[in-house]
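A.B. asks: build the 3D model from these lines:
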Amino acid sequence: SQSALAAPPLSAEEADNFQARLERGLRSKPARVLRQRMNIDFAVLLMRSSYNAVDELDIVAMDQFQKDFFLIRQAEYQYYSDSIGAGAM
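C.D. replies: Predicted coordinates:
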């Protein structure tokens, strides 16, 4: 069951609606410098740690958090890859 103070589930449309696009447009652009690739094991550890922290705090149902997190990452990816330019990823 959903916690009383939890946010309502996010839809794909909400993750990429006008307000979300406006907020992305107002952010400063990421630096166009070559960066080392992030170690995939470390990236997975960070993501799992965020899942564990949310689960331990019990602020939102884990299935909702995973879905919302995926939708936000999906909506942000294209904007980020376009901002840093072709070949930088």
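
A.B. asks: helix, strand or coil: sort out Asp68 for me.
C.D. replies: With DSSP: H, G, I helix; E, B strand; the rest coil as the basis, Asp68 sits in helix.

A.B. asks: tell me the contacts of it?
C.D. replies: 7, 9-10, 15, 60 (CB atoms under 8 Å, 6 or more residues apart in numbering). The way it works is simple: take the backbone N, C-alpha and C, and place the C-beta from them, glycine included.

A.B. asks: which SSE is the residue nearest the centre of the chain in?
C.D. replies: For the chain, the residue nearest the mean C-alpha position is Arg73 (3.5 Å; CA atoms, centre = their mean). Taking DSSP states H and E as the criterion, Arg73 maps to helix 62-84.

A.B. asks: for Glu76, give its distance to Arg21.
C.D. replies: 11 Å (CB to CB, to the nearest Å).

A.B. asks: who touches both of these two?
C.D. replies: Residues touching both Glu76 and Arg21 (CB under 8 Å, 6+ apart): there are none.

A.B. asks: any regions of this protein where pLDDT drops low?
C.D. replies: Across the chain, the ranges flagged by pLDDT under 70 are 1-6, 86-89.

A.B. asks: can you show me the helices along it?
C.D. replies: 12-15, 18-26, 40-57, 62-84 (DSSP state H).

A.B. asks: so which of these is nearest Arg32?
C.D. replies: Comparing the helices of the chain by their distance to Arg32 (CB to CB), the top pick is helix 62-84, with 5.8 Å.

A.B. asks: then the helix holding Arg73 to PDB, C-alphas only?
C.D. replies: Provided in PDB are the C-alpha atoms of helix 62-84 (Å, rounded to 0.1, in the frame of the first residue of the first chain):
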ATOM      1  CA  MET A  62       9.500   0.100  -4.100                       C
ATOM      2  CA  ASP A  63       7.700  -0.800  -7.300                       C
ATOM      3  CA  GLN A  64       6.500   2.800  -7.700                       C
ATOM      4  CA  PHE A  65      10.000   4.100  -7.000                       C
ATOM      5  CA  GLN A  66      11.600   1.800  -9.600                       C
ATOM      6  CA  LYS A  67       9.100   2.800 -12.200                       C
ATOM      7  CA  ASP A  68       9.300   6.500 -11.500                       C
ATOM      8  CA  PHE A  69      13.100   6.400 -11.500                       C
ATOM      9  CA  PHE A  70      13.100   4.600 -14.800                       C
ATOM     10  CA  LEU A  71      10.700   7.100 -16.400                       C
ATOM     11  CA  ILE A  72      12.800  10.100 -15.200                       C
ATOM     12  CA  ARG A  73      16.100   8.500 -16.400                       C
ATOM     13  CA  GLN A  74      14.400   7.800 -19.800                       C
ATOM     14  CA  ALA A  75      13.100  11.400 -20.100                       C
ATOM     15  CA  GLU A  76      16.500  12.900 -19.100                       C
ATOM     16  CA  TYR A  77      18.700  10.700 -21.400                       C
ATOM     17  CA  GLN A  78      17.900  12.300 -24.700                       C
ATOM     18  CA  TYR A  79      18.200  15.800 -23.400                       C
ATOM     19  CA  TYR A  80      21.600  15.000 -21.800                       C
ATOM     20  CA  SER A  81      23.000  13.200 -24.800                       C
ATOM     21  CA  ASP A  82      21.900  16.100 -27.100                       C
ATOM     22  CA  SER A  83      23.500  18.600 -24.700                       C
ATOM     23  CA  ILE A  84      26.900  17.100 -24.700                       C
END
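
A.B. asks: since that was my last question, I'll sign off now.
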